[in-house]
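Visitor: I'll drop the sequence and a predicted model, then ask my questions.
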Amino acid sequence: MLVFLLRRLTGAIPVLLGVITITFFLVRLAPGSPFSGERAIPPAILQELEARYKLNGSLWEQYTSYVSDVLHGDLRLSTRYRNRTVNEIIGQTLPISLALGGSAFALALGFGIAAGVWAAVRHNRMADRLVQVLCLGGLSIPSFVLAPLAVLLFSLQWRLLPPGGWGGFRELLLPASCLALPYAAVVARLTRASMLEILPMDYIRTARAKGLPSATILFIHGLKPASLPIVAYAGPLAANLLTGSLVIEEIFGIHGMGSFFVEGVLSRDVFLVAGVTLVYSALLIGFNLLADLASAWLDKRVQLS
Amino acid sequence: MKAHGQRPKARLDRWTTLAAVSLAFLLLAAIFGPLLSRYSAAEIGEESLVCPSLNHWMGTDIHGRDLLTRLLCGARISFLVGFFGAFVSLVIGSTYGALAGYAGGKVDRLLMQLVDLLYSLPTLIFVIVLIALLEAPLRKTLIGWQLASLLPYSRIFLLFLGLGLVEWLTMARVVRSRVLVLKAAIFVQAAQVIGRSPFGILRYHILPHLLGIVAVYLTLTVPAVILAESFLSFLGLGVEPPSASLGTLLADGAQAINPMKMAWWLLVFPGGMLAWTLWSLNALGDKLRDLLDPSSR
């Protein structure tokens, strides 16, 4: 177990290094510099600027000095948001993005598993059909279709919830559910399929025969082994929620990491883009590690290696 | 999914038929619709933000353009990007998967680990970076080659490429697992014994057996690419004006709503069109996969 954790964590280092390298060179090799604005800048000032943002010297020197700075925990100054460090920007926006993504994750799993179990229990009856139709619908309605419609109905027409902003639970409810619903459909399908495989098994019949309460049978004996495919989907789900939050933040005017990322790409802000991509990738790697641990805990036959 | 291990009967149910018919309808509408309309998608009209009426079945947008016509043109572009992007992903994914599966051993393990890794990285973010950065050089080359007339399509071309580069993962997995099975088949062993080159075996003995499964997953890749394209266009990083895809129209619609003037038609119709397209492709692809790929459950 400890060996597994150590190996996975050391394995993450080359991946993160690769992510930094790719983003750094992609952004730096692209035409247009962070300083090429509307006005032409005199060469002397340009030199000054490049020195300040450590973008002088050969590309290789820039790269090596950047990597060493990152290893020391310094993600450097943003060239788009002058005078703000990338560390600072991420420090401010990461909690927002995590709150949004985390609640969407919880909603997707909660609704998805509940609907999937319900459909499996009522296999081939009305409820099952209803869940299946809703799932295909949910899969086909992406969150960026759902979100403006939800704003139109809930905020502008019925004036129930604020159309944007960030603060308390009321502000969170609409963006998080719009982000979560399409993925809740995926989770529901996975849950339904795997519950349908588990429920006809002999040990479930035994549990019924000896008179266990049906809630115990469903959620302890049934759902625990049936949740393996859901745990395996958790990694891709987190990745999808991350990218999905780019548009959700845009629509609801939430100043999370996504909005800064898009702005950074457009203005060639190499350190902001590399920093945010690094954080995204680190989050996802950590998340996949957790998912692997969870699946080993759920099914003792899974070997952590 | 089937508890008793039977293959589902090879019969299309009501929903699948409906999906196939509606897909055909959408395709025909996207191809021929703009020709039949009496408006043009780019023509700026006098009546802006008109409610849906007999003159404008789906109303007009803020510049007075007929929404139905724009929608049909948008669907055209979305389908175009979807098909070409899926094709790029097909080429990359099946080559990659076939190589991994046929090579086996360490190579296979390494290649598949990369796929697993990419699955859990926010790959669409790389596409965003790629598109934003490759655009200017591509434009320069086009101008250099005296192909300036192609300039409006440079973004669309980058979308084919970028989305194809991202959406090949599932295809690679599926092809690899199929090649692993085929590799052990007697006719492949026979080809190896008579000294055919690995390339020849892949091309003439294995590839023909992959066509069915590849076609099925292609049907499922098209909606994924259309979805990703709409996502990027919504952010303003996809198809650019004057062309518009369903995602661009949706973004326009989202911009146009405010508490004073609720132009609901600008949201409901593009959103509905996108959902309808995705639904029919997904429903069809799902059913085909259940029929032709029993291993996927």
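Guide: Thanks, I have the structure now.
Visitor: tell me what whichever strand or helix holds residue B:215 is packed against?
Guide: Assigned by DSSP states H and E, residue B:215 belongs to helix B:207-234. If contacts are counted by 3 or more Cβ pairs under 8 Å, 6 or more residues apart in numbering or on different chains; DSSP states H and E, helix B:207-234 sits against helix A:143-150, helix A:228-252, helix B:67-103, helix B:123-144, helix B:154-166, helix B:169-183, helix B:246-256, helix B:265-292. (Each C-beta comes from the backbone N, C-alpha and C, glycine too.)
Visitor: now do 6 Å
Guide: Applying 3 or more Cβ pairs under 6 Å, 6 or more residues apart in numbering or on different chains; DSSP states H and E, one finds that helix B:207-234 contacts helix B:67-103, helix B:154-166, helix B:169-183, helix B:246-256, helix B:265-292.
Visitor: report the next helix or strand after the longest one in sequence order.
Guide: Using DSSP H and E, the next helix or strand after helix B:67-103 towards the C-terminus is helix B:105-119.
Visitor: next, the buried residues of that following helix.
Guide: For helix B:105-119, burial by neighbour count (16 or more other Cβ atoms under 10 Å in any protein chain shown) applies to B:108, B:111, B:112, B:115, B:117, B:119.
Visitor: go on, stretch B:22-35?
Guide: B:22, B:23, B:26, B:27, B:29, B:30, B:33, B:34.
Visitor: and the pLDDT for residue A:185?
Guide: Predicted confidence (pLDDT) for residue A:185: 90.
Visitor: got the buried residues for the helix or strand containing it?
Guide: Element membership of residue A:185, judged by DSSP H and E, is helix A:169-198. Buried residues in helix A:169-198, counted by 16+ other Cβ under 10 Å: A:171-198.
Visitor: what's the angle from whichever helix or strand comes after that helix to helix A:169-198?
Guide: Using DSSP H and E, the helix or strand that follows helix A:169-198 in sequence is helix A:202-209. Orientation check (axes from the mean of the first three to the mean of the last three Cα atoms, to 10 degrees): helix A:202-209 against helix A:169-198 gives 100 degrees.
Visitor: what packs against helix A:202-209?
Guide: Helix A:202-209 packs on no helix or strand, going by 3+ Cβ pairs under 6 Å, 6+ apart.
Visitor: any low-confidence regions in chain B?
Guide: For chain B, residues meeting the criterion pLDDT under 70 lie at B:1-12, B:41-42, B:49, B:120-122, B:258-261, B:293-297.
Visitor: chain B contacts on the stretch 151-300 of chain A?
Guide: Taking Cβ under 6 Å from any Cβ of the partner chain as the contact definition, the stretch 151-300 of chain A meets chain B at A:152, A:156, A:193, A:200, A:235-236, A:239, A:242-243, A:247, A:265, A:280-281, A:284, A:288.
Visitor: report the buried members of these.
Guide: A:152, A:193, A:235-236, A:239, A:242-243, A:247, A:265, A:280-281, A:284, A:288.
Visitor: can you count the residues close to whatever residue of the stretch 1-150 of chain B ends up closest to chain A?
Guide: Ranking the residues of the stretch 1-150 of chain B by distance to chain A (Cβ to the nearest Cβ) places residue B:133 first, at 3.4 Å. By other Cβ atoms under 10 Å in any protein chain shown, 20 other residues sit near residue B:133.
Visitor: residue A:292 now?
Guide: Per other Cβ under 10 Å, the neighbour tally for residue A:292 reads 18.
Visitor: what helix or strand is it on?
Guide: Per DSSP H and E: helix A:270-298 holds residue A:292.
Visitor: then residue B:15?
Guide: With DSSP H and E as criterion, residue B:15 is part of helix B:14-36.
Visitor: what does the stretch 151-297 of chain B put close to chain A?
Guide: B:227, B:234, B:254, B:257, B:259, B:267, B:271, B:274, B:275, B:278, B:279, B:282.
Visitor: contacts only, for the spatially closest residue to residue B:76 that is not a sequence neighbour.
Guide: Excluding the flanking residues, the one nearest residue B:76 by Cβ to Cβ, 6 or more residues apart in numbering or on different chains is residue B:30, at 4.5 Å. Going by Cβ atoms under 6 Å, 6 or more residues apart in numbering or on different chains, residue B:30 touches B:72, B:75, B:76, B:79.
Visitor: look up how far residue A:14 lies from the residue most central in space within chain A.
Guide: By Cα atoms, centre = their mean, the mean C-alpha position of chain A lies nearest to residue A:242, the distance being 2.8 Å. Here residue A:242 is placed at a distance of 21 Å from residue A:14 (Cβ to Cβ, to the nearest Å).
Visitor: so which bits of stretch B:227-238 are buried?
Guide: Buried-residue list, stretch B:227-238, by 16+ other Cβ under 10 Å: B:227, B:228, B:229, B:230, B:231, B:232, B:233, B:234, B:235, B:237, B:238.
Visitor: among the residues you listed, which pair sits farthest apart?
Guide: Using Cβ to Cβ, the pair of those lying farthest apart is B:227 and B:237, separated by 14.4 Å.
Visitor: for residue B:52, give me its contacts.
Guide: So residue B:52 contacts B:58, B:59, B:265 (Cβ under 6 Å, 6+ apart).
Visitor: hmm, the first one is touching residue B:67, no?
Guide: Yes - proximity of residue B:58 to residue B:67 meets the contact threshold set by Cβ atoms under 6 Å, at 4.0 Å.
Visitor: leaving out sequence neighbours, find the closest residue to residue A:128.
Guide: Counting by Cβ to Cβ, 6+ apart, the residue nearest residue A:128 is residue A:119, at 4.4 Å.
Visitor: and that neighbour, that's in a strand?
Guide: No - per DSSP: H, G, I helix; E, B strand; the rest coil, residue A:119 lies outside any strand segment and is helix.
Visitor: and it, how many residues sit next to it?
Guide: 26.
Visitor: please report how far it lies from chain B.
Guide: From residue A:119 over to chain B the distance is 12 Å, taken as Cβ to the nearest Cβ, to the nearest Å.
Visitor: is that residue in contact with residue A:192, as I believe?
Guide: Yes - judged on Cβ under 6 Å, residue A:119 makes contact with residue A:192 at a distance of 4.5 Å.
Visitor: list the buried ones in the helix holding residue A:292?
Guide: Of the residues in helix A:270-298, A:270-281, A:283-285, A:287-289, A:291-296, A:298 count as buried by neighbour count, 16+ other Cβ under 10 Å.
Visitor: before we move on, what about stretch A:106-116?
Guide: A:107, A:108, A:109, A:111, A:112, A:113, A:115, A:116.
Visitor: list of residues touching that stretch?
Guide: For stretch A:106-116, using Cβ under 6 Å, 6+ apart, the contacting residues are A:131, A:176, A:177, A:180, A:183, A:184, A:187, A:188, A:191, A:192.
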